[in-house]
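**Student:** quick one: sequence and predicted model below, then my questions.
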Amino acid sequence: MCELLGMECNVPTDIVFSFSGLALRGGARGPHSDGWGLALYEGRAVRTFLEPAAAADSKLAAYIRGYPIKTLLAIAHVRKKTRGPISLANTHPFVRELWGRHFVFAHNGTVRGVKRHPTGRFRPIGTTDSEHAFCALLHRIDEAFPRGYPEDPSRLWRALGRAARDIGVDGTFNFLLGDGTHLFARCATKLCYIVRKAPFRRATLADDDLTVDFAEVTTPRDRVAVIATAPLTRDETWTIGRPGEMWVFRRGRLAATIAA
């Protein structure tokens, strides 16, 4: 299956260290060589980098690892295809507009019977079950809030949890979803997170000898939440998700855990 990576922060932060670990799993230290993608938010809009090739061998991925673009919210993915051929259209993360902002989605697993779920005005471009599930998810919340983004964000959190449960009931529906303000992370089988905050320490990638001393590149007020399919570092304590729960991250904190 694929691997997911998300980052949500209270101050602009680059994702170079974590993305370097994920990229190694995209064809070098892992079998996920069927494409990779990275979405970086700037306010309500995102810039995306997508390539239907192995991240470990990609010059574009190498460029990103050497060019630290700072963001408050990022989602990345390395793909091992199960549904749909290797192509740009089938490369995660996927992006759609809703309520005047970009929503970004990346998925790990297979959602059986996904085409029975209507997608409304959101149409898949590729042929993956993942993209169809994303469109169905957006359709559900678009219908639930016809006046736009709810004033009480917790109403959106709960609606997403219900929709995720309904769509993922017959399959494996681990996903990351960003709306420019929150990062939602649903665990169906395998997901974990860590919140880095003061006092900051050194961390070493699980798949390489690359080490960063976060105390040298942060301030005492910084908070950075990192979500991944499997722990990316060997010397930090990650929180392991339980199937059927969805985390909501805001400003580098775990804001809520929702049944999903």
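**Tutor:** Structure's in. What do you need?

**Student:** report the contact partners of residue 44.
**Tutor:** Shown in contact with residue 44 (Cβ atoms under 8 Å, 6 or more residues apart in numbering): 100-102, 180. Where you see a C-beta, it was placed from the backbone N, CA and C, and this is true even at glycine.

**Student:** with residue 124 instead?
**Tutor:** 131-132, 135.

**Student:** then the biggest strand by length in the chain to PDB, C-alphas only?
**Tutor:** What stands out as the longest strand in the chain, according to DSSP state E, is strand 3-14. C-alpha atoms of strand 3-14 as PDB (Å, rounded to 0.1, in the frame of the first residue of the first chain):
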ATOM      1  CA  GLU A   3       2.500   5.800   2.500                       C
ATOM      2  CA  LEU A   4       1.300   9.200   3.800                       C
ATOM      3  CA  LEU A   5       3.000  12.200   5.300                       C
ATOM      4  CA  GLY A   6       1.400  15.300   6.700                       C
ATOM      5  CA  MET A   7       2.700  18.400   8.600                       C
ATOM      6  CA  GLU A   8       0.700  21.100  10.300                       C
ATOM      7  CA  CYS A   9       2.400  23.900  12.300                       C
ATOM      8  CA  ASN A  10       1.800  27.100  14.200                       C
ATOM      9  CA  VAL A  11       4.600  28.900  12.300                       C
ATOM     10  CA  PRO A  12       5.900  28.500   8.700                       C
ATOM     11  CA  THR A  13       8.100  25.400   8.600                       C
ATOM     12  CA  ASP A  14       9.800  23.400   5.900                       C
END
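
**Student:** residue ranges with poor pLDDT in the stretch 151-260 of the chain?
**Tutor:** The stretch 151-260 of the chain contains residues with pLDDT under 70 at 207.

**Student:** helices of that one, residue ranges please.
**Tutor:** Secondary structure of the stretch 151-260 of the chain (DSSP state H, counting those that start in this stretch): helices located at 153-168.

**Student:** all strands in it, in order from the N-terminus.
**Tutor:** 174-178, 183-187, 192-197, 202-204, 211-213, 223-228, 239-240, 245-250, 253-259 (DSSP state E, counting those that start in this stretch).

**Student:** redo the ones you listed as a markdown table? Include distance to residue 160 and mean neighbour count.
**Tutor:** As requested, the strands of the stretch 151-260 of the chain are exported to a markdown table (distance: least, Cβ to Cβ, whole Å; neighbours: other Cβ atoms under 10 Å):
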| stretch | distance to residue 160 | mean neighbour count |
| --- | --- | --- |
| strand 174-178 | 7 | 28 |
| strand 183-187 | 6 | 27 |
| strand 192-197 | 17 | 18 |
| strand 202-204 | 30 | 17 |
| strand 211-213 | 33 | 14 |
| strand 223-228 | 15 | 24 |
| strand 239-240 | 20 | 13 |
| strand 245-250 | 7 | 22 |
| strand 253-259 | 7 | 16 |
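
**Student:** would you list those in a markdown table and tack on distance to residue 122?
**Tutor:** Shown next, in a markdown table, are the strands of the stretch 151-260 of the chain (distance: least, Cβ to Cβ, whole Å):
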| stretch | distance to residue 122 |
| --- | --- |
| strand 174-178 | 13 |
| strand 183-187 | 17 |
| strand 192-197 | 28 |
| strand 202-204 | 38 |
| strand 211-213 | 38 |
| strand 223-228 | 24 |
| strand 239-240 | 32 |
| strand 245-250 | 20 |
| strand 253-259 | 22 |
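
**Student:** out of these, flag the one nearest residue 18.
**Tutor:** When the strands of the stretch 151-260 of the chain are compared by Cβ to Cβ, strand 223-228 sits nearest residue 18, at 5.5 Å.

**Student:** direction included, what does the closest one pair against?
**Tutor:** The strands beside strand 223-228 in its sheet (DSSP bridges) come out as strand 3-14 (antiparallel), strand 192-197 (antiparallel).

**Student:** who's in contact with the closest residue in space to residue 241 that isn't next to it in sequence?
**Tutor:** What sits nearest to residue 241 in space, not counting adjacent residues and going by Cβ to Cβ, 6 or more residues apart in numbering, is residue 187, at 3.2 Å. By Cβ under 8 Å, 6+ apart, the contact list for residue 187 reads 174, 241-247.
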